[in-house]
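K.L.:
Here's a sequence, model it:
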Amino acid sequence: MGVLKDLGFKRHLMTAISFFLPIICAAGFLLAIGNIMGGASIADFSKGFSFADTMTTMGGYGLGYLPIVVSTAIAYSIADKPGIAPGLIVGFVAHGINTGFIGGIASGFVVGIITLLFYANVKVPKWMEGLMPTLIVPFVSSFLGGMVMYYVLGTPINYLVSLLTNYLNHLDSSQLLIYGLIIGVLASIDYGGPINKTVFAVVFAMFSENIYAPLTVLIGASMITPFGYGLALILQKIFKKNVFDKQDIETLKSAIPMGFCQITEGCFPIIFKNWLKNMIATGIGGGIFGALSMFWGCDSHIPASGMFAVPTMTGNRGFLFVIALIIGSLAQAIVFVLIMKPVNPNEMAEFEEKEEEDIEFGDLKIS
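P.N.:
Numbers count the residues shown, from 1 in each chain. Have a look, this model is predicted:
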């Protein structure tokens with residue numbers, strides 16, 4: 001059992017998130033663009049389909065099978081290559097018994113640990129060693145992991161998911177504001193770092209049970225920073241206090257368009273200049289946005305893609321999402337302008353460019 005001592009939980013969960021995040025982004029964009037063009041999921045391929053239908057269907061496939069991806073990624077993270085096959089098969093079990101994203105996480109850990117223990121403790125005759133990676137380990141780990149999911153964990157996870165879904169669907173107004181505020185702050189303050197990814201794992205579990213509001217908060221909170229800087233650029237003239245230098249303005253020319261796609265990384269050159277003050281301003285803006293978005297029931301039906309998620313929201317919630325985003329960004333901008341020290345607007349960091357030296361082939365020696 002010594003192999004389990006250093007197993008860790010967070011490390012493998014973070015690995016899984018890093019694996020499926022690109023799938024979510026790609027599938028989310030496909031679904032959003034397909035829906036905007038009026039696409040629908042293809043039920044019968046032989047009866048014809050439109051181009052928009054292909055995009056909507058591909059997006060649906062990518063998002064619908066995420067529990068399987070999560071299970072495989074966690075099993076791989078725990079048991080390396082031998083964990084892939086059982087992680088995939090037991091992930092299908094988790095998906096088939098409707099345990100959702102939480103079931104995918106559970107199945108990944110169960111089958112990963114089984115595979116790890118099997119390799120560490122089971123010795124086979126010499127002639128059977130060649131069969132271990134291709135037959136014995138995948139078969140035994142998949143069988144044991146599947147039995148655990150069917151007979152031990154499936155029912156409790158279903159009950160837990162049902163309990164959570166029922167609770168979240170009956171939150172009152174004050175609870176919606178508080179939960180939205182907390183999610184908004186946590187999702188925004190580390191700019192896509194470990195806190196954001198942990199929040200993502202939680203709200204995505206809700207999203208997989210058709211509770212869309214918490215993940216919608218995370219989508220908007222990820223856009224608060226670039227949009228807030230854009231408004232701060234205007235406010236600094238009203239407040240007569242320059243908080244951006246020439247280099248910051250050059251950074252914002254690419255950071256703001258990236259923000260529309262829910263990408264915060266373009267703002268890093270500004271954030272790194274004073275991490276704490278930026279974090280305070282972003283946290284306040286993200287919290288205000290989160291409270292409003294949750295209170296108004298904004299409900300993105302795709303788990304990523306920034307402003308492309310707006311057309312997927314029902315009723316007038318897309319409009320309310322944009323209003324909440326403007327208010328949150330404005331709050332971030334005001335706090336940012338107030339707490340930052342004034343800077344020289346014409347300042348620009350200069351980098352010394354060294355001319356590359358020519359190589360003299362005559363000086364080369366081969367030993």
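
K.L.:
Just want to check the distance between residue 287 and residue 78.
P.N.:
35 Å (C-beta to C-beta, to the nearest Å). All C-beta atoms are positioned from the backbone trio N, CA, C, and that covers glycine.

K.L.:
what does residue 264 give?
P.N.:
30 Å.

K.L.:
The two - which one has more neighbours?
P.N.:
Relative neighbour count places residue 78 above the other of residue 264 and residue 78, with 26 against 23, counting by other C-beta atoms under 10 Å.

K.L.:
In the stretch 1-150 of the chain, where is pLDDT below threshold?
P.N.:
1-6 (pLDDT under 70).

K.L.:
ranges for the helices of it?
P.N.:
Ranges of helices within the stretch 1-150 of the chain are 10-36, 51-64, 66-79, 84-96, 100-121, 137-148, based on DSSP state H, counting those that start in this stretch.

K.L.:
Format those helices as JSON lines; extra columns: distance to residue 301.
P.N.:
Listed next are the helices of the stretch 1-150 of the chain as JSON lines, based on distance: least, C-beta to C-beta, whole Å:
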{"stretch": "helix 10-36", "distance to residue 301": "8"}
{"stretch": "helix 51-64", "distance to residue 301": "9"}
{"stretch": "helix 66-79", "distance to residue 301": "14"}
{"stretch": "helix 84-96", "distance to residue 301": "19"}
{"stretch": "helix 100-121", "distance to residue 301": "16"}
{"stretch": "helix 137-148", "distance to residue 301": "31"}
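
K.L.:
deepest of those, which one?
P.N.:
Ranked by average neighbour count under the criterion mean count of other C-beta atoms under 10 Å, the helices of the stretch 1-150 of the chain are headed by helix 66-79 at a mean of 27.

K.L.:
For it, name the packing helices and strands.
P.N.:
Counting contacts by 3 or more C-beta pairs under 8 Å, 6 or more residues apart in numbering; DSSP states H and E, helix 66-79 is packed against helix 10-36, helix 84-96, helix 100-121.

K.L.:
let's see 10 Å
P.N.:
helix 10-36, helix 84-96, helix 100-121, helix 137-148, helix 194-207 (3 or more C-beta pairs under 10 Å, 6 or more residues apart in numbering; DSSP states H and E).

K.L.:
ok, residue 295 - contacts?
P.N.:
171, 173-181, 213, 320, 324 (C-beta atoms under 10 Å, 6 or more residues apart in numbering).

K.L.:
okay, now the domains of the protein?
P.N.:
9-170, 173-339 (the TED database).

K.L.:
And the pLDDT for residue 366?
P.N.:
Residue 366 is assigned a predicted lDDT (pLDDT) of 46.

K.L.:
repeat for residue 327
P.N.:
96.

K.L.:
Including distance to residue 345, could the domains of the chain go into a markdown table?
P.N.:
Shown next, in a markdown table, are the domains of the chain (distance: least, C-beta to C-beta, whole Å):
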| stretch | distance to residue 345 |
| --- | --- |
| domain 9-170 | 36 |
| domain 173-339 | 4 |
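
K.L.:
circling back to that earlier point, of the contacts of residue 295, which is the most crowded?
P.N.:
residue 180 (28 neighbours).

K.L.:
buried sites along the host helix or strand of residue 321?
P.N.:
Here residue 321, judged by DSSP states H and E, is contained in helix 317-339. The neighbour-count check on helix 317-339 (16 or more other C-beta atoms under 10 Å) flags 317-318, 320-321, 323-325, 327-337 as buried.
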